[in-house]
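# Need a 3D model of the sequence below.
(2 chains)
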Amino acid sequence: MELSFSSKDLEFRDEVRDFLANEYPKHVKEKTENGEPLTREDIVDWHKSLSAKGWMGFNWPVEYGGTGWTPAQIYIFQNELGLAGCPPLIPFGVSMVGPVIYTFGNQEQKDRFLPDILNFDTWWCQGYSEPGSGSDLASLKTKAELVHEDGKDYYVINGSKTWTTLAQNADWIFCLVRTDSSGKKQEGISFLLIDMKSPGIEVKPIITIDGDHEVNSVFFTDVKVPAENLIGEEGKGWTYAKFLLAHERFGIAGVGASKRQLERLKEISKDLGDDDLIAKVSQLEIDIMALEFTELRLLSALEGGGNPGAESSILKIKGTEIQQRLTELYVEAAGEFAIPYGGPDGYGSNVKPNGPDYTNDALSKYLNMRKVTIYGGSNEIQKNIISKFVLGV
Amino acid sequence: MNLNFSDEQNLLREQIQKFCNSDYDFYDREDFINTEAGFDPEKWKLFAEQGWLAMPFSSESGGFDFGPIELSILFEEFGKFLVLEPYLSNVVLSGYILDNSSFDKKNDFIAKLISGEEQISLAYMEQNRNYDFKNITCLLEGTDSLSLNGTKNLVLNGSNADHYLVTTNHNDVTKIVLVSKDTSGLSINNFKTVDDRRISQLNFENVEINADQIVAIGDEAEQLIKDAINYGTLCVSAEAVGCMESCYLKTVEYTKSREQFGQPISNFQVLQHKMVDMFIEAELCKSLLYKSMIDMHEKNDSKYRSVSALKSQVGLSGKKVGEDAVQLHGGMGVSEEMSIGHYLKRFISIDSQFGNSHFHLKKFNNS
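Residues are numbered from 1 along each chain as shown, chains lettered A, B, ... in the order given. Predicted coordinates:
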């Protein structure tokens, strides 16, 4: 057993740090550090800086244009991004639909979609949840009907998707749609790629309790999608969706970002001299340490050729609980200065309230982070997974 | 970075598991609890024959040079079966101090520890209540002929020990002295603990101490005690991790077999999620254990701090897991004849030992 990374891995870490110090776009860095909202262009600039470095496909094999990094390198990369306070990577292309396309797509689809993902020329969004299908995703109803017109095959889509993150920015959406309602609910689902400019698609904002416009409803009315946009086989979409979820879980713990926020919180609580808050922050530091080493244990198993199973659900559950706990303690530290509320349109004044800087976005972060225990398979669903697959109940 | 056990370490775990599975029946264990020793001397002999009592000693002292990782494996497995035998007091605490001291007669004593012929307990606790081993009130007085006066409390396995390593204050210099149980002026009161172990109170009244009984002096003595306690803290934490694993596994098994409302109670989601929470607590503590044992193995400066994180968390998680295990066993959980309540008692005992959760949270924060 050995705690430190190999000298090769440490060299790699320095390379990532070097990149973050020199090539991470300055305007994005400044805005992020000041807690200012990022525009679509800012987010694209950030991703394109990674593309330029050849690192966008950080978790892809070399043959599809990825880095071919080892699990340890992927871990280090994600951890360093978090420690440096970088905005989270938009996962829908590189971590979600990309791996589905290179694993289950045909050659034409690979050639057509993968380069744009790696260059961040296409912004993808995810069409999974529906108003009536959340945790019970397989009950989804958005219908895709195969028609033949002008010598070509099309799917005609009718229905709606919801909680679609940053659909307002997206060029394409990958969707789970129902192509058959006769058999078991999982068996009639297909995986379709849809151009967001298709006639009949309407995106409506959903404003969340932090006042932000991050998620949307997406409505489909007689949207014609060329049949060549079907991934794999019709009716096999559920298999691809499950593959995607398994791919998504690693790195979800967000340890690097949480450690960065913890360091600041430690300073704040010591400056305030509040022993009660200091004790709570110490407990959180232990929680983060435990999470970090749980992730490293799984990483070690992965490096040794093992396959981390449902245990990785722990990372989702504890990672998100910690992310929320951090925001709760920031609000506690802010005291009464938590309530002047910024939001996307400012404070209703030209100046900021004169509380300490960390108080400005404490409450908006708290409200925003309520989502993390809900999305990506709610924490209750994760517990069902552990119960079934680990405990065998 | 490698958090996988070596083949040798996996073999050791298998060997201990095999012993516990075949020789550590809970009801046999109950019989030994009620004997004077409070454990099975035959098993202690077996430990010696297997070489387990020699594990952490240096090869110069006749040991195997095993370290914190192997001891964590041993204690984790012992925890699963609530093993009673006094490994902690003899091998870990006394063994560490002797093996790492410059005491010239140490090899004789270590040889008898390894063979299981004799037992030695560390007497460092006093009535200072704050887990502070430095403000020692047991006074060693005199210049040529020394005399020891004072009281030591909560001496683990004290009733079975042949000798005691006693921390003393000699003109404000800490000295560890080795005292035999039948020394004149030493009187011993023996007690049982909540988790069926044995502890003693030692009263020293004008006990004569010779220069050749002094094991360590001053900074060396304090460093030895500090490190022995840190080692012991790691071991009981590993034991707690093993206890937690047993608790959730036994609870899963029980809820699958217990039927109410015409079905196994494991069908109820509220119980499932509670068991998942127990599993998660155990896994997170295991991760902190890995960090601590490797920090100790690599002799990193962070070793005290990571052990404090571990012990603080184990204190909280152990009680939570133990309490939930009792709750999910229903009335059976509070009956003495079921093992599950004994795990809860062990968790409480472990939390109290070497600094409780609150103490280690503060220590973690201040270091």
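# switch to C-alpha atoms for all contacts and neighbour counts from now on
Noted.
# what about the longest helix anywhere in chain B, average pLDDT?
Counting by DSSP state H, the longest helix found in chain B is helix B:218-257. Here helix B:218-257 scores 98 as its mean pLDDT.
# List the contacts of the closest residue to chain A within chain B.
Chain B approaches chain A most closely through B:Met1 (4.3 Å), counting by CA to the nearest CA. For B:Met1, the contact set (CA atoms under 8 Å, 6 or more residues apart in numbering or on different chains) comprises A:1-6, A:300.
# can we see that at 10 Å?
A:1-7, A:9, A:72, A:296-297, A:299-300, A:303 (CA atoms under 10 Å, 6 or more residues apart in numbering or on different chains).
# Could you do B:Phe32 as well?
By CA under 10 Å, 6+ apart, the neighbours of B:Phe32 are B:38-41, B:84, B:196.
# Among those, which lie within helices?
B:Pro41.
# how about the contacts of B:Phe32 in CSV, adding pLDDT and neighbour count?
Shown next, in CSV, are the contacts of B:Phe32 (pLDDT from 0 to 100; neighbours: other CA atoms under 10 Å in any protein chain shown):
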residue, pLDDT, neighbour count
B:Gly38, 97, 22
B:Phe39, 97, 23
B:Asp40, 97, 18
B:Pro41, 97, 13
B:Leu84, 97, 22
B:Asp196, 95, 19
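# from the contacts of B:Phe32, which two are the most distant?
B:Pro41 and B:Asp196 (15.7 Å; CA to CA).
# The spatially closest residue to A:Val28 that is not a sequence neighbour: helix or strand, and which one exactly?
The shortest distance from A:Val28 to any non-neighbouring residue, by CA to CA, 6 or more residues apart in numbering or on different chains, is to A:Asp42 (6.0 Å). Using DSSP states H and E, the element containing A:Asp42 is helix A:40-53.
# Next: A:Val215.
For A:Val215, the enclosing helix or strand under DSSP H and E is strand A:213-226.
# Most neighbours among the contacts of B:Met1, which one?
Using other CA atoms under 10 Å in any protein chain shown as the neighbour criterion, A:Leu299 leads the contacts of B:Met1 with 24 neighbours.
# For that residue, give me its contacts.
Neighbouring residues of A:Leu299 by CA under 10 Å, 6+ apart: A:71-72, A:74-75, A:250-251, A:293, A:305-308, B:1-3.
# In contact with the closest residue to the residue of chain B closest to chain A other than its chain neighbours, which residues are there?
Nearest residue to B:Met1 in three dimensions, chain neighbours excluded: A:Phe5, at 4.3 Å (CA to CA, 6+ apart). Contact analysis of A:Phe5 by CA under 10 Å, 6+ apart lists A:11, A:13, A:72-73, A:76, B:1-2.
# got any ranges where the stretch 151-300 of chain A has weak pLDDT?
Applying pLDDT under 70 to the stretch 151-300 of chain A flags the ranges A:247-250.
# Can you tell me which residues in it are near chain B?
Taking CA under 10 Å from any CA of the partner chain, the part of the stretch 151-300 of chain A that reaches chain B is made up of A:266, A:278-283, A:285-300.
# mind checking how far the longest helix seen in chain A is from the chain centre?
When chain A is parsed with DSSP H, its longest helix is helix A:275-303. Chain-centre distance of helix A:275-303: 21 Å, with CA atoms, centre = their mean, to the nearest Å.
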